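K.L.:
Task: produce atomic coordinates for the following.
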Amino acid sequence: MSWTDRISPSIRSRAADVKLVVFDVDGVLTDGTLTYGGSGEQVKHFNVKDGVGVKLLQCFDIATAIISAKQSDALARRASDLGVQYFYPGAKDKWPCLQEVLTDLDITPEQVCYVGDDVIDLKVMTRVGLAIAPDDGFWMVKDRAHYVTSVGGGKGVAREVADLVLGSRMSLEDAYIKAMLPEFEGQKK
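P.N.:
Just a heads-up that it's a prediction; the model follows:
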């Protein structure tokens, strides 16, 4: 039995319809810890496994976006390194940002997977086809999510989301063939 066979048919069906995956940052792509350097610069810790997941989604023509309430140089650098097509830092209301992306891609909210961990994400999560929360997300968000990951923020959430979305379409062994190619390693992650 493969990992995705353990996912309910309704979640697999939702994941199969996804054309865009949107990630919050703090508490999703990071563990939510804010570290400040001596001169006040923000330091964020990202998981390389999540980078592989984001790049794999893009390899299979699934658009990616980051919509975050915070902005920092570290976040801008990570979004750039990952080649994230849609990047919205400093978004206090995330729904208008997503609406811009929906228009640009000519897709519906039902074709969106949104990954968030706190109440600011609920406005979007309650309107999309697949809402996902990390295992250590805020209880109210986890209660409204269609799926809760087996790991906490910054610990491989994006990788698990990529496995879910891609595994709903093909075997993960087939998906990961692209990650084994030399040119994949040459891509930023």
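K.L.:
how about the helices in this structure?
P.N.:
9-16, 48-59, 73-82, 94-105, 122-125, 139-144, 157-167, 172-180, 182-186 (DSSP state H).
K.L.:
Quick test: name the residue nearest the centre of this protein.
P.N.:
Centroid check for the chain by Cα atoms, centre = their mean gives residue 23 as the closest residue, at 3.6 Å.
K.L.:
Please work out which of the helices of the chain is packed deepest.
P.N.:
helix 157-167 (a mean of 25; mean count of other Cβ atoms under 10 Å). Heads up, the C-betas are built off the backbone N, CA and C, glycines and all.
K.L.:
Pull the distance from that one to the chain's centre.
P.N.:
Relative to the centre of its chain, helix 157-167 is centred 8 Å away, using Cα atoms, centre = their mean, to the nearest Å.
K.L.:
Give me the angle between that helix and helix 48-59.
P.N.:
30 degrees (axes from the mean of the first three to the mean of the last three Cα atoms, to 10 degrees).
K.L.:
got the CA coordinates for helix 157-167 in CSV?
P.N.:
The C-alpha trace of helix 157-167 is given here as CSV (Å, rounded to 0.1, in the frame of the first residue of the first chain):
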residue,chain,number,x,y,z
VAL,A,157,4.9,20.5,5.2
ALA,A,158,5.3,21.7,1.6
ARG,A,159,6.9,18.3,0.7
GLU,A,160,3.9,16.4,2.2
VAL,A,161,1.6,18.7,0.3
ALA,A,162,3.5,18.1,-2.9
ASP,A,163,3.3,14.3,-2.3
LEU,A,164,-0.4,14.6,-1.7
VAL,A,165,-1.1,16.6,-4.9
LEU,A,166,1.2,14.7,-7.2
GLY,A,167,0.3,11.3,-5.6
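K.L.:
Determine the set of other helices and strands touching that helix.
P.N.:
helix 9-16, strand 20-23, helix 48-59, strand 112-115, strand 130-133, helix 172-180 (3 or more Cβ pairs under 8 Å, 6 or more residues apart in numbering; DSSP states H and E).
K.L.:
got the CA coordinates for the fifth one in CSV?
P.N.:
Looking back up the chat, that one is strand 130-133. Taking C-alpha atoms only, strand 130-133 is exported to CSV below (Å, rounded to 0.1, in the frame of the first residue of the first chain):
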residue,chain,number,x,y,z
LEU,A,130,-8.3,21.9,-0.7
ALA,A,131,-7.4,23.6,2.6
ILE,A,132,-4.4,22.1,4.5
ALA,A,133,-3.0,22.9,7.9
